[in-house]
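> Whatever this is, show me its structure:
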Amino acid sequence: MNKINTLNYQICTRCVMDTSDPEIVFDEHGVCNHCREFDEITRKRWFPNKEGERRLSEIVEKIKFLGRNQAYDCILGLSGGVDSSYLALKVKGFGLRPLVVHVDAGWNSELAVYNIEQVVNYCGFELHTHVMDWEEMKDLQAAYLRAEVANQDVPQDHAFFASLYHFAVKNGIKYILSGGNIATEGVFPTAWLHSAMDARNLHAIHRKYGKLPLRQYKTINIAQYYFIYPLILKMKTVRPLNYMEYNKAAALKLLKETVGYKEYERKHGESLFTKFYQNYYLPKKFGFDKRRPHLSSMILSGQISREEALKILEQPLYDLQELESDMEYVAKKLGFTTDELEKLTEPPGRHYSEYRNWDRTYYLLKKIQGVMETKLGRPFRNYS
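Numbers count the residues shown, from 1 in each chain. Modelled structure (predicted):
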């Protein structure tokens with residue numbers, strides 16, 4: 001069920017990205033720009049070797065030193081997914097003292113709750129679960145569906161990152177540890193989804209389609225994200241998995257053996273809404289299959305072959321019975337009928353730029369960043 005028709009799509013001869021990305025460009029050998037960018041730019045930020053070990057050791061020691069007089073020396077967001085769960089085990093091995101934060105936006109699967117408990121109990125970490133106000137979350141997510149934009153995960157994602165920053169500021173923590181990584185997320189078509197950190201876009205969509213005021217839902221504006229947090233408060237986000245040889249299959253095996261972790265049937269199975277959105281809404285309404293960038297990342301990082309990836313893509317995104325059950329659940333939880341929700345998944349979708357957004361400010365900041373990099377002669381990142 002819900003298999004995307006790719007007969008008219010051109011596919012890269014090296015990875016599995018195709019012309020569902022409107023900005024993709026192929027060379028004379030049929031290799032796409034994502035592969036070239038990975039080789040020429042992204043790979044330079046990835047250190048699965050002794051150099052990464054050295055760099056990570058320096059970062060860990062700095063975190064310990066700066067947090068020596070604090071109750072916690074870093075903050076770690078834990079979703080229950082493989083990446084963040086594996087990172088928690090590594091953080092325990094590093095001897096760090098993280099404040100572990102989980103944001104419950106109302107869509108946790110029972111399996112996610114189980115996995116989070118297993119990881120936290122094994123590591124001996126203190127877990128703070130921030131439960132979002134459901135009526136506000138419900139109203140915001142319903143507004144996003146009515147807006148018909150591609151990135152329906154913004155309400156959850158923005159809440160997750162905003163909560164981490166707010167907790168970090170409250171506890172005087174300078175380092176945020178993220179399970180994001182190049183090995184499985186090194187390829188991403190920017191034309192597909194807009195940034196979840198664009199609070200201006202979020203508020204514009206909610207003003208137009210929402211019905212309740214967002215009193216408890218906290219956001220982060222562009223000034224905080226690009227200036228106040230990194231430059232004034234000296235906060236930094238670190239992705240430790242980029243400084244080691246990270247293999248997802250090996251990480252999953254270790255989690256199963258060490259903490260009794262249970263595997264999800266689908267990527268992002270820890271969130272019932274994300275599962276529905278990525279496996280049904282996004283491919284049906286926009287023709288975007290998020291398995292493609294994920295699998296392409298794993299091809300380029302040497303974790304799977306292109307042939308293996310193509311076989312995975314032949315598998316249906318949803319089982320019919322499972323889809324009907326999830327459709328009914330999501331519709332009821334968000335206050336739609338199944339017919340109303342089904343109609344909202346019909347193409348065409350709308351572009352985020354139809355609503356007020358941060359693009360002009362963002363591009364100005366990128367220009368300033370370029371000037372700073374030229375003057376300093378090195379990369380200058382004025383944001384986490």
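
> Burial check on the residue nearest to Phe167 when sequence neighbours are not counted, number of neighbours?
Closest residue to Phe167 in three dimensions, ignoring its sequence neighbours and counting by Cβ to Cβ, 6 or more residues apart in numbering: Val101, at 5.5 Å. Backbone N, C-alpha and C define where each C-beta goes, glycine included. Neighbourhood size, Val101 [other Cβ atoms under 10 Å]: 21.

> Val101 and Gly67, how far apart?
16 Å (Cβ to Cβ, to the nearest Å).

> Same check on Leu78?
18 Å.

> With neighbour numbers in mind, choose between these two.
Leu78 (25 against 20).

> residues contacting that one?
Ser84, Ser85, Ala88, Val100, Val101, His102, Ile116, Val119, Val120, Leu127 (Cβ atoms under 8 Å, 6 or more residues apart in numbering).

> List only those of the residues you listed flagged as buried.
Ser84, Ser85, Ala88, Val100, Val101, His102, Ile116, Val119, Val120, Leu127 (16 or more other Cβ atoms under 10 Å).

> Now, those that are in helices?
Ser84, Ser85, Ala88, Ile116, Val119, Val120 (DSSP state H).

> Pull the contacting residues for the first one.
The contact partners of Ser84, by Cβ under 8 Å, 6+ apart, come to Leu76, Gly77, Leu78, Gly179.

> What of the third one?
Neighbour list for Ala88: Leu76, Leu78, Pro98, Val100, Val119, Val120, Cys123, Phe125 [criterion: Cβ under 8 Å, 6+ apart].

> possible to save these as CSV with distance to Ile312 and pLDDT?
Converted to CSV, the contacts of Ala88 look like this (distance: Cβ to Cβ, whole Å; pLDDT from 0 to 100):
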residue, distance to Ile312, pLDDT
Leu76, 30, 97
Leu78, 27, 96
Pro98, 33, 97
Val100, 32, 97
Val119, 26, 98
Val120, 31, 97
Cys123, 31, 98
Phe125, 33, 97
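
> just curious, which of those is nearest to Trp358?
Leu76 (27.1 Å; Cβ to Cβ).

> Tally up the residues packed near Thr258, please.
By other Cβ under 10 Å, the burial measure for Thr258, its neighbour count, is 15.

> What residues of the helix or strand encompassing it count as buried?
Element membership for Thr258 (DSSP states H and E) is helix 248-259. Across helix 248-259, burial judged by 16+ other Cβ under 10 Å covers Lys248, Ala251, Leu252, Leu254, Leu255, Val259.

> Can you give me the distance of the first one to Arg45?
If you measure Lys248 against Arg45 using Cβ to Cβ, the figure is 18 Å.

> same question, Pro316
35 Å.

> For the stretch 151-300 of the chain, which segments are assigned as helices?
For the stretch 151-300 of the chain, the helices defined by DSSP state H, counting those that start in this stretch occupy 154-170, 182-185, 199-209, 222-223, 248-259, 272-276, 282-286, 291-300.

> got a list of contacts for the fifth one?
Just to be clear, that refers to helix 248-259. Counting by Cβ under 8 Å, 6+ apart, 82-83, 85-86, 89, 118-119, 121-122, 183-184, 261-263, 298, 303 sit against helix 248-259.

> and the two most separated of those?
Once Cβ to Cβ is applied, the contacts of helix 248-259 give Asn121 and Met298 as the farthest pair, at 29.9 Å.

> Counting neighbours, go ahead and name the busier of those two.
Met298 (25 against 12).

> Not counting residues beside it along the chain, what's closest to that one?
Distances taken as Cβ to Cβ, 6+ apart put Ile304 closest to Met298, at 4.8 Å, once the chain neighbours are dropped.

> Name the SS class of that neighbour, please.
With DSSP: H, G, I helix; E, B strand; the rest coil as the basis, Ile304 sits in coil.

> Neighbours of the closest residue to Leu233 other than its chain neighbours, how many?
Closest residue to Leu233 in three dimensions, ignoring its sequence neighbours and counting by Cβ to Cβ, 6+ apart: Val169, at 6.7 Å. For Val169, the tally of surrounding residues (other Cβ under 10 Å) stands at 16.

> and Val169, what does it touch?
Neighbour list for Val169: Tyr229, Leu233, Met235 [criterion: Cβ under 8 Å, 6+ apart].

> Next, count neighbours for the nearest residue to Ser305 once chain neighbours are set aside.
Leaving aside its sequence neighbours, Ser305 sits nearest to Ile299 (Cβ to Cβ, 6+ apart; 7.0 Å). Each residue near Ile299 was counted by other Cβ under 10 Å, and the total is 25.

> how much space between Leu255 and Ile116?
For Leu255 relative to Ile116 (Cβ to Cβ), the value is 12 Å.

> which residues are common contacts for the two?
Common neighbours of Leu255 and Ile116 (Cβ under 8 Å, 6+ apart) are Ser85.

> distance between the ends of stretch 71-86?
Using Cα to Cα, to the nearest Å, the end-to-end distance of stretch 71-86 comes to 23 Å.

> any low-confidence regions in the stretch 251-384 of the chain?
Residue ranges of the stretch 251-384 of the chain with pLDDT under 70: 266-269, 376-384.

> if we go to 90?
Applying pLDDT under 90 to the stretch 251-384 of the chain flags the ranges 264-271, 362-384.

> coming back round to it: need the max-distance pair from the contacts of Ala88.
Pro98 and Val119 (11.8 Å).

> quick one: the strands in the chain?
74-77, 98-104, 126-131, 175-177, 236-238 (DSSP state E).

> Would you reformat those as a markdown table and include distance to Ser325?
As requested, the strands of the chain are exported to a markdown table (distance: least, Cβ to Cβ, whole Å):
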| stretch | distance to Ser325 |
| --- | --- |
| strand 74-77 | 29 |
| strand 98-104 | 22 |
| strand 126-131 | 25 |
| strand 175-177 | 35 |
| strand 236-238 | 37 |
